[in-house]
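Q: The following block contains a protein sequence and its predicted model.
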Amino acid sequence: MANYGPLDAILANPNAIENDRLRDKVQTALEQIEQNREMIRLDLDLPLPTPIDELKILPRWRELIAELEKCDFKSLIAEVRAEEAGVTSSAVVESTQGELF
């Protein structure tokens, strides 16, 4: 099918397909192909039920660290604390940049 161009071109002119078997299959399935394409088409204009900024998932750092401390996961606690510090400092930078620009 790559020889015939994009699917839109094939559907617009199935008679251009040289292979008789392939041409017959496409012509027979034209309606089904169109229905399938419509079913998978994404509607990009739908409003979101919640603003995108409210969909952020923020870790509950203190609770996570408390649970890790119960299990004595010292190296993992250090990683989580470092990640918390990095996220917190980058959030401050982002909010400051938003105000400057």
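A: Cool, the structure landed. Residues are numbered from 1 along each chain as shown.

Q: Least confident secondary structure element in this structure?
A: Counting by mean pLDDT, DSSP states H and E, the weakest-scoring helix or strand in the chain turns out to be helix 74-100, with a mean of 70.

Q: per-residue confidence for the residue in the chain sticking out farthest from the centre?
A: Distance from the C-alpha centroid of the chain, by CA atoms, centre = their mean, peaks at Asp20 (39.5 Å). Asp20 carries a pLDDT value of 92.

Q: And the strands in the protein?
A: With strands called from DSSP state E, the chain shows none.

Q: would you list every one of the helices in it?
A: 7-12, 20-28, 30-40, 61-70, 74-100 (DSSP state H).

Q: mind giving me the domain split of the protein?
A: As given by automatic domain parsing, the domain ranges for the chain are 2-40, 52-100.

Q: right, and those - which one's nearest Leu46?
A: In terms of CB to CB, the element of these nearest to Leu46 is domain 52-100, at 12.9 Å. Glycine gets a C-beta too; all of them are placed from N, C-alpha and C.

Q: who are the neighbours in contact with Pro14?
A: Going by CB atoms under 8 Å, 6 or more residues apart in numbering, Pro14 touches Arg23, Val26, Gln27, Leu30.
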